[in-house]
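> Any chance you could fold what I've pasted below:
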Amino acid sequence: MNQVPQLQASADADTKREHYQTTIHSAGHALIADEPASHNGTDLGMSPSSLLLASLGSCTAITLRMYVDRKMWAVEEIAVHLDLYKTESGTLIERKISFTGDITEEQHTRLLQIANSCPIHKLLTGHIEVKTT
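Numbers count the residues shown, from 1 in each chain. Purely as a prediction, here's the structure:
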């Protein structure tokens, strides 16, 4: 039985003659993606790789904030730092999460587990199919 896919998000991206500068539109918002000057871009926005990391980082922070708020834990700030590496076997994303506030070691460990529950983490570590038409 074929299951009908459920639309989760949509975005449009277009580039004109500004070399690699690309305008992205989604849900009434717009942003610019670009390549750095070292890659012949105009460096007016984040690179596509940086946008991917930004998506994972923001989703991680939001997921953790929702959990912390629900548990009423004393966490003032959640900081997520990400690095993307090319490896012999593919790609590695290192995610480092730090918390400012009064939490126990047990809570800290639980929050690191919850980080893996963020929807973008699940998407990136699951099966992805890209259809191009």
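> what about stretch 116-130, distance to the chain center?
A distance of 10 Å separates the centroid of the chain from that of stretch 116-130, by Cα atoms, centre = their mean, to the nearest Å.
> Stretch 67-84 too?
On Cα atoms, centre = their mean, the centre of stretch 67-84 falls 15 Å from that of its chain.
> what's the average pLDDT for it?
Regarding stretch 67-84, the rounded mean pLDDT is 97.
> ok, residues contacting it?
Stretch 67-84 has contacts (Cβ atoms under 8 Å, 6 or more residues apart in numbering) with 49, 52-53, 56-58, 60-61, 64-65, 91-103, 107, 111, 114. All C-beta spots, glycine's among them, are computed from the backbone N, C-alpha and C.
> Tell me which residues of stretch 105-115 come out buried.
For stretch 105-115, burial by neighbour count (16 or more other Cβ atoms under 10 Å) applies to Gln107, Leu111, Ile114, Ala115.
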